[in-house]
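> Quick one, fold the following:
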Amino acid sequence: MTRIAVNMLWCVPGAVGGSEQYLVRQLLGLREASNDEFSLDVYAPRDFSRAHPQLAHVATIHESTSQERVRPLRVLREATWFASRARDAAVVHHGGGTVPPRSPQPVVLTIHDLQYLVYPQYFSRTKLRYLATRMPASVRRARHIVVPSAYVQRTVVERLDVPLDKVSVVRHGVESSLGENRTPERELRDRFGLSADHVLVYPAVTHPHKNHRFLLDLLAGPLRSADVQLVFAGGAGRAHDTVQYAIAALGLADRVKLVGRLGDRDRDGLLAMAAALVFPSSYEGFGAPVIEAMALGAPVIASNLTALPDVVGDAGYAIELDAQTWADAVSDVIARREMWQRRGRERAVAFQAADSGRDLAAVYRRVEQ
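Got it, this is the predicted structure:
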């Protein structure tokens with residue numbers, strides 16, 4: 001078996017967004033796609049195994065004594081504790097977007113996005129300085145780079161001056177068991193006070209680029225008379241107070257539910273009952289909720305920005321951020337729900353965890369040679 005050392009010390013459970021699911025799902029899919037070809041040693045923060053018990057069935061998980069919430073200390077541990085234990089690995093995979101100052105070779109580097117170059121205003125000066133230094137150094141040290149979408153591949157090649165043949169797309173994949181244990185609709189309606197015939201769901205942290213305000217204006221404007229409620233499911237981000245203020249100012253307290261970050265069962269249940277997943281984000285390296293929604297039978301309405309049009313394809317709406325255009329799309333997915341469900345499920349078949357694992361296995365084989 002080929003030993004792979006995977007650095008996931010950056011992956012604080014519940015704190016890093018879609019990049020957490022992306023790496024966990026592809027590692028789960030790797031075993032399914034390649035049988036026993038690879039031996040995985042995953043190095044992760046304390047309590048990582050509790051958050052991802054299924055990963056322990058396909059990998060040996062080595063937990064740090066810390067939860068790794070302080071970046072400088074985490075980088076130091078990557079360059080010392082992790083580096084010493086990964087020394088004999090055939091491939092060293094850094095999954096958090098950068099390579100620490102000291103790392104065994106050969107290196108596979110996952111870059112989830114380059115948002116800091118597109119929306120620098122959403123980053124602190126300290127983090128911008130760190131990324132401006134570490135990203136170019138990291139891509140130079142990597143033998144190969146993994147990205148979640150063709151959009152990120154293009155931006156890495158263009159903005160970081162990386163040869164195209166050094167960057168591979170490893171698609172995001174969802175597990176085949178997705179939704180099997182979802183929370184029933186009636187339970188969710190009772191718990192969250194959802195009485196409208198149609199429920200729109202947006203699972204996203206309340207960061208500025210996620211554009212929650214656009215959906216509030218949609219409800220207060222073209223959809224003001226519609227029998228529709230909106231659920232925001234996600235942690236509190238930098239725009240959370242602004243979102244709360246707008247809900248009150250627009251008189252939407254009864255129509256908009258802020259339910260916080262949900263577990264998988266509740267997330268799957270909400271998407272399965274949703275009239276639509278609404279996803280107006282202005283920046284996504286992939287957009288995993290789009291594929292999750294399609295797999296669970298929720299029609300998709302998303303912005304036409306960054307990676308989202310490539311992910312949505314012709315299985316949903318990827319449209320400009322215009323309120324009336326979105327209102328028309330909501331009416332259409334409600335009227336033609338079965339057709340959009342069928343398209344979405346057909347699209348989701350190409351984004352399974354085993355597919356993600358096959359893509360990753362091809363990269364590992366290439367780097368190992």
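> Where does the record place the domain boundaries for the protein?
Under the assignment named as automatic domain parsing, the residue ranges that make up the domains of the chain are 2-175+352-368, 185-348.
> next one: the longest one to chain centre, how far?
Mean-position distance between domain 2-175+352-368 and its chain equals 13 Å (CA atoms, centre = their mean, to the nearest Å).
> so how far does it reach from one end to the other?
Distance between the two ends of domain 2-175+352-368: 9 Å, counting by CA to CA, to the nearest Å.
> what does stretch 214-232 give?
End-to-end distance of stretch 214-232: 12 Å, with CA to CA as the criterion.
> Now do the strands in the stretch 201-350 of the chain.
In the stretch 201-350 of the chain, the segments counted as strands under DSSP state E, counting those that start in this stretch are 228-233, 256-258, 276-279, 300-303, 317-319.
> Dump those into JSON lines; add mean pLDDT, distance to residue 247 and mean neighbour count as well.
The C-beta positions use only the backbone N, C-alpha and C, and glycine is treated the same way. Putting the strands of the stretch 201-350 of the chain into JSON lines (pLDDT from 0 to 100; distance: least, CB to CB, whole Å; neighbours: other CB atoms under 10 Å) gives the following:
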{"stretch": "strand 228-233", "mean pLDDT": "98", "distance to residue 247": "9", "mean neighbour count": "22"}
{"stretch": "strand 256-258", "mean pLDDT": "98", "distance to residue 247": "5", "mean neighbour count": "20"}
{"stretch": "strand 276-279", "mean pLDDT": "98", "distance to residue 247": "15", "mean neighbour count": "27"}
{"stretch": "strand 300-303", "mean pLDDT": "98", "distance to residue 247": "20", "mean neighbour count": "26"}
{"stretch": "strand 317-319", "mean pLDDT": "98", "distance to residue 247": "24", "mean neighbour count": "20"}
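> Tell me if I'm right that residue 33 and residue 362 touch.
No - under the criterion of CB atoms under 8 Å, residue 33 is not in contact with residue 362, lying 9.4 Å apart.
> a markdown table for the strands of the stretch 201-350 of the chain, including distance to residue 4?
Compiled in a markdown table, those are given as follows (distance: least, CB to CB, whole Å):
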| stretch | distance to residue 4 |
| --- | --- |
| strand 228-233 | 33 |
| strand 256-258 | 40 |
| strand 276-279 | 33 |
| strand 300-303 | 34 |
| strand 317-319 | 35 |
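> which one of those lies closest to residue 43?
With CB to CB, the closest approach to residue 43 among the strands of the stretch 201-350 of the chain belongs to strand 228-233: 30.3 Å.
> Could you list every helix and strand that that closest one packs against?
Of the remaining helices and strands, those touching strand 228-233 by 3 or more CB pairs under 8 Å, 6 or more residues apart in numbering; DSSP states H and E are strand 198-203, helix 212-220, strand 256-258, helix 264-273.
> give the contact list for residue 128.
Residues in contact with residue 128, defined by CB atoms under 8 Å, 6 or more residues apart in numbering, are 116, 120.
> Give me the buried positions along the one helix or strand it maps to.
Under DSSP states H and E, the secondary-structure element containing residue 128 is helix 125-141. Neighbour-count burial for helix 125-141, with 16 or more other CB atoms under 10 Å as criterion, is recorded at 130-131, 134-135, 138-139, 141.
> that older thread, which stretch in the domains of the chain is the model least sure about?
Looking over these, mean pLDDT reaches its minimum on domain 2-175+352-368, with a mean of 94.
> For residue 167, see how far away residue 161 is.
Separation of residue 161 from residue 167 (CB to CB, to the nearest Å) stands at 12 Å.
> repeat for residue 77
When residue 77 is compared with residue 167 (using CB to CB), they lie 28 Å apart.
> Understood, closing this out.
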